[in-house]
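S.K.: Structure for this input, please:
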Amino acid sequence: MKLNDLRDKDGATHSRKRLGRGIGSGSGKTAGRGVKGQKARSGVAINGFEGGQMPLYRRLPKRGFNNLFGKSFAIVSLAKIQAAIDAKKLDAKEAVTAEALVAAGVIRRAKDGVRVLSDGELKAKLSFDVAGASKAAIEKIEKAGGSVKLPEAAAAE
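M.R.: Just a heads-up that it's a prediction; the model follows:
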């Protein structure tokens, strides 16, 4: 067998239907699109249209509420911070900020700020400069000899 003897099996390929090539071709004039109307034109896009029936996306109820002014915080536990200090990724002498946590690989991105939660124990004396912290986390940090600096808006909550 030679390369020039290779062929597809019979029926494996189909020749393209040439549309709009005269009345004798069987698909001339309207080219198989019927007559007039939106679907006879090119660029038809009627997704979700159900022939005048109320569409599904309007029949189903809406749920929830999106707060335009809501903030999304990166959440960090005390256990993760202690693990980063033990692994020498975070320096216990410097303040723990969002930038320091990203650089240490504790969080991937800071989002609208960092919120510290009280999971785990903290042994190191640290000063935190973060967007938020739970009351239990603040107690644990201060018990370990550290301090927490929060923005005025978060401190009022």
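S.K.: buried sites along stretch 127-143?
M.R.: 127-133, 137-138, 140-141 (16 or more other CB atoms under 10 Å). Yep, even glycine has a C-beta here, placed from its N, CA and C like the rest.
S.K.: Identify the farthest-apart pair in the residues you listed.
M.R.: With CB to CB as the measure, no two of the buried residues of stretch 127-143 lie farther apart than 131 and 140, at 17.9 Å.
S.K.: so which of the buried residues of stretch 127-143 comes closest to residue 45?
M.R.: residue 131 (43.6 Å).
S.K.: For the spatially closest residue to the closest one that is not a sequence neighbour, which residues are in contact?
M.R.: Nearest residue to residue 131, sequence neighbours excluded (CB to CB, 6 or more residues apart in numbering): residue 113, at 2.6 Å. Going by CB atoms under 8 Å, 6 or more residues apart in numbering, residue 113 touches 71, 73-74, 98, 130-132.
S.K.: low-confidence ranges in the protein?
M.R.: 153-157 (pLDDT under 70).
S.K.: quick one, strands of it?
M.R.: Remark: strands assigned in the chain by DSSP state E are 74-77, 114-117, 127-129, 132-133, 147-149.
S.K.: what's the closest of those to residue 26?
M.R.: The nearest among those, by CB to CB, is strand 74-77 at 64.4 Å.
S.K.: about what we covered before: closest to residue 6 among the buried residues of stretch 127-143?
M.R.: Nearest member of these to residue 6, counting by CB to CB, is residue 131, at 67.0 Å.
S.K.: if we can go back for a sec, would you mind putting the strands of the chain into JSON lines with distance to residue 66 alongside?
M.R.: Formatted as JSON lines, the strands of the chain follow (distance: least, CB to CB, whole Å):
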{"stretch": "strand 74-77", "distance to residue 66": "20"}
{"stretch": "strand 114-117", "distance to residue 66": "20"}
{"stretch": "strand 127-129", "distance to residue 66": "30"}
{"stretch": "strand 132-133", "distance to residue 66": "21"}
{"stretch": "strand 147-149", "distance to residue 66": "30"}
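S.K.: Indicate which one of these is closest to residue 51.
M.R.: Ranked by CB to CB, the member of the strands of the chain that lies closest to residue 51 is strand 74-77, at 47.8 Å.
S.K.: Now do the closest one: distance to the chain's middle.
M.R.: 18 Å (CA atoms, centre = their mean, to the nearest Å).
S.K.: before we move on, what about stretch 32-43?
M.R.: The answer for stretch 32-43 is 38 Å, by CA atoms, centre = their mean.
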